[in-house]
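**Student:** here you go, sequence then predicted model.
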Amino acid sequence: MKYEPVIGMEVHVELKTKTKMFCGCENGFGLEKEPNIHICPVCTGQPGTLPVANIEAIKKVIQVAQALNCKIPEFSKFDRKNYFYPDLPKGYQISQYDKPLSESGFLEINGSKIRITRIHLEEDTGKLIHPVKNSVISNGVHPSGADYSLVDYNRAGVPLMELVTEPDIHSALEAKKFCQELQLILRYLDVSGADMEKGQMRCEVNISLSQDGKLGTKVEIKNLNSFRAVERGIDYEIKRQGEALESGEKIIQETRGWDDVKQITVSQRTKEEAHDYRYFPEPDLPPLHSAEVLKEILALPELPQERRKRFGEEYKLPADDIDVLVIKKEMGDYFECVVSELKSWAEVSEPKIEAEKLIKLTANYLITEIQKLLSQSNEVFQNLKITPENFAEFIKLTAQGVVSSSGAQMVLKEMLETGADPTHIIEERQLAQLSDETELEQTIAEVISQNQGPVEDFKKGKEKALQFLIGKIMAATKGRANPQIAEEILKKRLQ
Ligand SMILES: [Zn+2]
């Protein structure tokens, strides 16, 4: 390829705290059904009010910084970023300018390090609502022909973390993977829901095309509200800039918005229109002693990358299975509970069943069958009615051949619906496989005497006739016969 894409990311994340960043208002992430219910004189910018920094939010950013290998300077401070817009009642946003909470870290994606420039803390803004003319609004009828905007300050002051990377990303796919891994880390740390569709995680990219090592002009893309939009938006921009350069055009330094309906980027403003924020230190907040906060932070939980490595070593599962169990953290936790039950049982099982076989069976049933059944009933894994103990019991019964694979499907379906234990279901529904030889002997004797033709065929060497006879045995036992054992007995008798 003639041009190499050079991509940097800027990610905003709403932090999951009890209260807002600088006041005691409840943090509802701006998702409240009623507008302006979580507001107070501080977050609506009334004169004479004073902000107090939320220590919970500061701790969360420091945790993220640690997880992303960042340096945490001893001191940090807040600054005012000045601009005038109705979603910002104070006329400025409290943010961090030259002394962010953390700097210079990295996140590894497929073996390459994406450097992180900085992670800082700021406050979110309110939301503007522009009612359509003549439309009905929640508290009454919109006056015909009137033209105005409404403002909701529920989100104003929600703690917002901003993360900026170096331009170390070189493809749309890599950018998407970066965002996905970051989201997973935020969820493992439990610092944010990081749901892009709910605006809890917002991605922006800056992108330029370099040619022969010479950097091109940077274009910023905003409004990327899903992982798909991140990938598509970047791909579109790579193509647009490449074609422009090919036809001799100059790339303008500008901000473009992603239009998800038309699947294109559209110019929003050029560099000449950019704001001058006139940052200055926030006089109402003291400097932050991050070193002090750091002492209060306990050890980090296991992170996704560590879990991938450990699952590989401990359970020896294929990479694809591990990925599912890491991305779906609850399922991964559940898997570990089930496996710990099974491991101790495997040691005393009679006849011996290897733990490794049980682990594989558990992963298969969880990833394929349970996921399939859940999606059929429109349920989520978090609401699974099956306890890990019962699931382990189910795996044991399946591994021992107490139920056939089709019987197992029925048992699992019922377990999912009722949460009942599998032994009980097998008894009640008479799903146990007939493995008892004396019980099978009689049925087999009957099948032989009633099917003399196929018996003769088999004796003459027609292998297919054996399958026909096994089919008859299965039918006679209503599918409960253990096919392997039935085949053994049948062969012995026909010799
Ligand atoms: Zn408030």
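**Tutor:** Structure received.
**Student:** domains in the protein, by residue range?
**Tutor:** The record, using automatic domain parsing to delimit domains, assigns the chain the ranges 4-125+155-296, 304-428, 437-494.
**Student:** end to end on the second one, go ahead and measure it.
**Tutor:** Think domain 304-428. Counting by CA to CA, to the nearest Å, the length from the leading to the trailing residue of domain 304-428 is 42 Å.
**Student:** returning to what we had before: right, and the domains of the chain - which one's nearest residue 131?
**Tutor:** Of all the domains of the chain, domain 4-125+155-296 sits nearest to residue 131, with 12.1 Å by CB to CB. (C-beta placed from N, C-alpha, C; glycine too.)
**Student:** is any part of the closest one close to the ion?
**Tutor:** Yes - contact of domain 4-125+155-296 with the ion is found when judged by CB under 5 Å from the ion, involving 23, 25, 40, 42-43.
**Student:** in helices, which of the residues you listed appear?
**Tutor:** Restricting these to those inside helices, with DSSP state H as the criterion, leaves an empty set.
**Student:** drop anything exposed from those residues.
**Tutor:** Buried by 16 or more other CB atoms under 10 Å: 23, 25, 42-43, out of the residues of domain 4-125+155-296 next to the ion.
**Student:** low pLDDT regions in the stretch 51-200 of the chain?
**Tutor:** Counting by pLDDT under 70, the stretch 51-200 of the chain contains low-confidence residues at 132-147.
**Student:** mind checking the SS state of the closest residue to the ion within it?
**Tutor:** In the stretch 51-200 of the chain, no residue comes nearer to the ion than residue 157, which is 5.6 Å away by CB to the ion. Using DSSP: H, G, I helix; E, B strand; the rest coil as the criterion, the local structure at residue 157 reads coil.
**Student:** distance check, it against residue 151.
**Tutor:** From residue 157 across to residue 151, the span is 14 Å (CB to CB, to the nearest Å).
**Student:** so for those two, which sits in the more crowded spot?
**Tutor:** Each of residue 157 and residue 151 had its neighbours counted (other CB atoms under 10 Å), and the higher figure belongs to residue 157 (32 against 15).
**Student:** so who does that one touch?
**Tutor:** Residue 157 makes contact with 20-23, 25, 42-43, 123-124, according to CB atoms under 8 Å, 6 or more residues apart in numbering.
**Student:** farthest pair within those?
**Tutor:** The distance between the two most remote of these (CB to CB) is 14.0 Å, for 42 and 124.
**Student:** and for whatever residue of the stretch 351-495 of the chain ends up closest to the ion, the neighbour number?
**Tutor:** Nearest residue of the stretch 351-495 of the chain to the ion: residue 382, at 31.3 Å (CB to the ion). For residue 382, the number of neighbouring residues by other CB under 10 Å comes to 9.
**Student:** wait, it touches residue 331, no?
**Tutor:** No - the pair residue 382 and residue 331 fails to qualify as a contact (CB atoms under 8 Å) at a distance of 9.5 Å.
**Student:** could you identify the most distant pair in the residues of domain 4-125+155-296 next to the ion?
**Tutor:** Maximum pairwise distance among the residues of domain 4-125+155-296 next to the ion (CB to CB): 7.7 Å, between 25 and 42.
**Student:** quick one, what contacts the closest residue to the ion within the stretch 251-400 of the chain?
**Tutor:** Closest contact between the stretch 251-400 of the chain and the ion, by CB to the ion, is at residue 284 (14.7 Å). In this structure, residue 284 makes contact with 50-51, judged by CB under 8 Å, 6+ apart.
**Student:** when you give positions from now on, start the count at 52
**Tutor:** I'll keep to 52 as the first residue from here, and by that count the last item is residue 335.
**Student:** how much space between it and residue 91?
**Tutor:** Residue 335 is 16 Å from residue 91, by CB to CB.
**Student:** for residue 468, same thing?
**Tutor:** Relative to residue 91, residue 468 is positioned 47 Å away (CB to CB).
**Student:** which residues of the stretch 152-301 of the chain fall in strands?
**Tutor:** When secondary structure is read from DSSP state E, counting those that start in this stretch, the stretch 152-301 of the chain shows strands at 153-160, 163-174, 178-180, 187-188, 191-192, 201-203, 210-216, 252-261, 270-275.
**Student:** which residues does the last one contact?
**Tutor:** If I follow you right, that is strand 270-275. With CB under 8 Å, 6+ apart as the contact definition, strand 270-275 has outside contacts at 253-259, 280-281, 284-285, 288, 292, 302-311, 316, 319.
**Student:** try 7 Å this time
**Tutor:** Outside of strand 270-275, the residues within contact range by CB atoms under 7 Å, 6 or more residues apart in numbering are 254-259, 281, 284, 288, 292, 302, 304-309, 316.
**Student:** then the third one?
**Tutor:** Contacting residues not belonging to strand 178-180 are listed as 81, 137-138, 200-203, 206 [CB under 7 Å, 6+ apart].
**Student:** tabulate the buried ones among the residues of domain 55-176+206-347 next to the ion (JSON lines), appending distance to residue 59.
**Tutor:** Compiled in JSON lines, those are given as follows (distance: CB to CB, whole Å):
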{"residue": "74", "distance to residue 59": "33"}
{"residue": "76", "distance to residue 59": "34"}
{"residue": "93", "distance to residue 59": "34"}
{"residue": "94", "distance to residue 59": "31"}
